[in-house]
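1. got a sequence here, can you build the structure:
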Amino acid sequence: IPDSLRIGGLRVAVSGNIFDSKAVNRCETANDDKSLSANRIEIKEIKAENIVSVLIGQGELYGGGSEGFSREFSVIKTELEWKALKAKLNLRNNITDVFAEKNIDFSRYQVIFVIDEVKGNGGWSIDITDITENDDNIVVSIENLKTGDATTAISQPFQLVKISSSDKPVIFNDLTLGKHILPLVNFEFPEDCVRSIATLQPDSLYVINSDEEFNKYFICGSNPIDFSKKTLLFSLGETNYGIYKISTELLKESNEYSLTVDIQLTISCVIDRWNIALITDKINTQNVILNLNKHF
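-> Residues are numbered from 1 along each chain as shown. This is a model prediction of the structure:
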């Protein structure tokens, strides 16, 4: 396992496994994808109330994706996360200079951040059009209100707003794609943190919901995850080709959860290991469908 996770942001995963026939002839075919069946969980009737948000910033990045974002949605709850996000946004240009607010009181507020995939032209926007609080969660609706113009600039639209802090999980309702996307945060760990790789089933998903379960797989000293509010999703495997990029997306559709891991391969004939460790809001079930896609 590498020292740090090579994980892209959230984006729409390509369904199925697509392999170039010439490349397959040169290397062994990658392992078949495996999935776990999901159990249904009970959903009760809830009341919804609109939440007032305050715009922090909206615009476009022009680094052609070099800042390291793909289409992703996230919730920023701490000063450490906020500083890391600002540094990433400012990697190519001083984007945060025009923000309405640069200092956030995270004892009172949390930040909602949405960013689209890189676009081949300008004139795009990604917009938080509605935020609704229910008994069990907060739903953030996302749309593309502007869909491009004739300018040739490569751009990547984003938006940030702040809302009152809450312990309720946030669900992103992507109205453009028709999906409920849950926020994910990378959990990075050193190579020697995994207790025993040999005992783990490759291409399977481990849903970790307690300190006891965490200690079965990790020996990282003190556990930094609050499992009363969070769930850790962990998976690993290897391919017979080089890995170019890994993207992940966690969906809640109807009463089921599914995690898509999209692995984009190179044609290099090398054994390459991959792993993901993702923190999300509490999932009160051990069963989440894993959709593992490997393609060139």
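2. host element of the residue nearest to residue 288 when sequence neighbours are not counted?
-> Spatial nearest neighbour of residue 288, excluding adjacent residues (CB to CB, 6 or more residues apart in numbering): residue 257 at 4.5 Å. The way it works is simple: take the backbone N, C-alpha and C, and place the C-beta from them, glycine included. Assigned by DSSP states H and E, residue 257 belongs to strand 256-265.
3. for residue 142, give its distance to residue 158.
-> Distance of residue 142 to residue 158, computed by CB to CB, to the nearest Å: 11 Å.
4. surely residue 253 and residue 181 touch.
-> No - Residue 253 is not in contact with residue 181 according to CB atoms under 8 Å; the separation is 10.1 Å.
5. quick one: which of the two has more around it?
-> residue 181 (24 against 11; other CB atoms under 10 Å).
6. distance check, the residue lying closest to that one once chain neighbours are set aside against residue 164.
-> Nearest residue to residue 181, sequence neighbours excluded (CB to CB, 6+ apart): residue 172, at 4.3 Å. The gap separating residue 172 from residue 164 is 18 Å, by CB to CB.
7. ok, these two, which is more surrounded?
-> Neighbours were counted for residue 172 and for residue 164 using other CB under 10 Å; residue 172 has more, 26 against 13.
8. that one pairs with what?
-> Counting by DSSP bridges, residue 172 forms beta bridges with residue 140, residue 181.
9. contact partners for it?
-> Residue 172 makes contact with 73, 114, 139, 140, 142, 180, 181, 182, 183, according to CB atoms under 8 Å, 6 or more residues apart in numbering.
10. need the residues you listed in TSV with distance to residue 106 and pLDDT, can you?
-> Formatted as TSV, those follow (distance: CB to CB, whole Å; pLDDT from 0 to 100):
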residue	distance to residue 106	pLDDT
73	18	93
114	19	97
139	21	92
140	18	96
142	23	95
180	25	85
181	23	86
182	21	88
183	16	85
